[in-house]
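Visitor: can you look at this prediction? I've put the sequence above it.
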Amino acid sequence: MGSYITTNQNNTGWNLTLKALGRYPLIADRIFETLADAQAYVNDTNPGASATEGLIISVIKDTDKNNGVYYISSIPSEAGETGELIKVGGTETEEAKNYTKAVELSKTLAVGQLIKVTEQETVTTGEGESAVTNTYQAGFYIVNSAGSISALSTSTGADDEVGALKGRVDTLEGVVGNADSGLVKEVADLKTNSVTKTDLATAISSVYKFKGSKATYADLPTEGNIVGDVWNVEAAYNKHPAGTNWVWVETTTTNDSGETITEGSWDALAGSVDLSGYATKADLKVKDVKADDNVLSLDANGNVYSTLSLGVSEEKNV
């Protein structure tokens, strides 16, 4: 049976469908672009060559005359020989009850026509010691000539090939997935969590932007401000010292009527700190002097900073 895969997308994701085209298997290594490629496949006698009598292969990109499905009637036994390909003819598969009836039917059919045998049959020819018994399985046979038919290879049955292909399709469908799993979900999540140009613009717009200095808080602008605008105010304002930086912020609230209200205001960042009341390094410079068995530490004004009994007998500047 031949098959192909169709895909379509709907609200839940991608769907893959396996449809039967006919009676021929779809096997990647048995599909050829030209008849010459197919013949080379049949003629290959190297170790590992996979062509065997009874297999069917396809030609898909040659002339209309050459494209189609072929039956391998014979393969060469040694290099240099040519195997035989028979193009499968007819659009419908004929049917016969058993092998004997199929042979009779073949006399009225074209070479390459397929016959489906529905029942197994055991046929004995000859008598006595020369008698030969053959069992012919149910399955597909191809017409080689009038009164001569050959069974298609059952080494890889059409049902098995389609089953294997369906397994690969199921695996692919699992990878592709849908809205809840697989690649479809991952792409959707990526789109949901990705950063857009608008997101970047919004983030950048909220970064602090230094606008300059104003003499007093009252001089700060009340209109045209953008979130992140920063002004330095030279004079102190309320508890905020001189040199405080003020940034424009906006808050959004919802009133009792359900309306969204956005309000802006200036928020203090930081200002300069007056350290005039703190001691400097010069203020803390001390001098150690000996007084009896003690060492007195004096500050810059001569006041005793600390006393230490160490028995030091010399003066040292620190």
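Guide: Sure thing, it's come through.
Visitor: C-alpha from now on. contacts and neighbour counts both.
Guide: Fine.
Visitor: which ones are touching residue 34?
Guide: If a contact means Cα atoms under 8 Å, 6 or more residues apart in numbering, then residue 34 has 59-62, 66-67 as its contacts.
Visitor: for residue 251, that is, sorry about that
Guide: When contacts are counted by Cα under 8 Å, 6+ apart, residue 251 touches 262-264.
Visitor: in three-state terms, label residue 246 for me.
Guide: Residue 246 falls in the strand class when you classify it by DSSP: H, G, I helix; E, B strand; the rest coil.
Visitor: quick check: it touching residue 234?
Guide: No: with contact defined as Cα atoms under 8 Å, residue 246 and residue 234 do not form a contacting pair (10.8 Å).
Visitor: between those two, which has more neighbouring residues?
Guide: More neighbours surround residue 246 than the other of residue 246 and residue 234, with 23 against 18 (other Cα atoms under 10 Å).
Visitor: may I have the beta-bridge partners of that one?
Guide: Taking DSSP bridges, one obtains residue 231, residue 268 as the residues bridged to residue 246.
Visitor: show me what contacts it?
Guide: Residue 246 sits next to 230-233, 266-270 when contact means Cα under 8 Å, 6+ apart.
Visitor: swap the cut-off to 6 Å and go again
Guide: 230-231, 266-269 (Cα atoms under 6 Å, 6 or more residues apart in numbering).
Visitor: just the buried ones from these?
Guide: Those of these that meet the buried threshold are 230-231, 266, 268, by 16 or more other Cα atoms under 10 Å.
Visitor: need these in a markdown table (columns: pLDDT and distance to residue 119).
Guide: As requested, the buried ones among the contacts of residue 246 are arranged in a markdown table below (pLDDT from 0 to 100; distance: Cα to Cα, whole Å):
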| residue | pLDDT | distance to residue 119 |
| --- | --- | --- |
| 230 | 92 | 93 |
| 231 | 93 | 97 |
| 266 | 93 | 94 |
| 268 | 91 | 96 |
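Visitor: any idea which of the residues you listed is closest to residue 51?
Guide: residue 230 (80.8 Å; Cα to Cα).
Visitor: so how far is residue 186 from the closest residue in space to residue 188 that isn't next to it in sequence?
Guide: In this structure, residue 188 finds its nearest non-sequential neighbour in residue 179, 7.7 Å apart by Cα to Cα, 6 or more residues apart in numbering. Distance check for residue 179 against residue 186: by Cα to Cα, to the nearest Å, it reads 9 Å.
Visitor: check residue 256 too.
Guide: As judged by Cα to Cα, residue 256 and residue 186 stand 41 Å apart.
Visitor: neighbour count for these two, which is higher?
Guide: Taking other Cα under 10 Å, residue 256 and residue 186 do not tie; residue 186 has more neighbours (16 against 7).
Visitor: for that one, helix, strand, or coil?
Guide: Here residue 186 is recorded as helix under three-state DSSP.
Visitor: also the one 5 residues further on?
Guide: Three-state call for residue 191 (three-state DSSP): helix.
Visitor: can you name the residues that contact it?
Guide: So residue 191 contacts nothing (Cα under 6 Å, 6+ apart).
Visitor: pLDDT below threshold where in the stretch 201-318 of the chain?
Guide: 201-206, 270-274, 281-293, 295-300, 302, 304-305, 310-318 (pLDDT under 70).
Visitor: tell me where the stretch 101-250 of the chain has helices.
Guide: Using DSSP state H, counting those that start in this stretch, the helices found in the stretch 101-250 of the chain span residues 158-176, 182-193, 197-205.
Visitor: if I average pLDDT within each of those helices, which one is lowest?
Guide: Among the helices of the stretch 101-250 of the chain, helix 158-176 carries the lowest mean pLDDT, a mean of 61.
Visitor: show me what contacts the nearest residue to residue 212 once chain neighbours are set aside?
Guide: The shortest distance from residue 212 to any non-neighbouring residue, by Cα to Cα, 6+ apart, is to residue 231 (5.3 Å). Shown in contact with residue 231 (Cα under 6 Å, 6+ apart): 211-213, 245-246.
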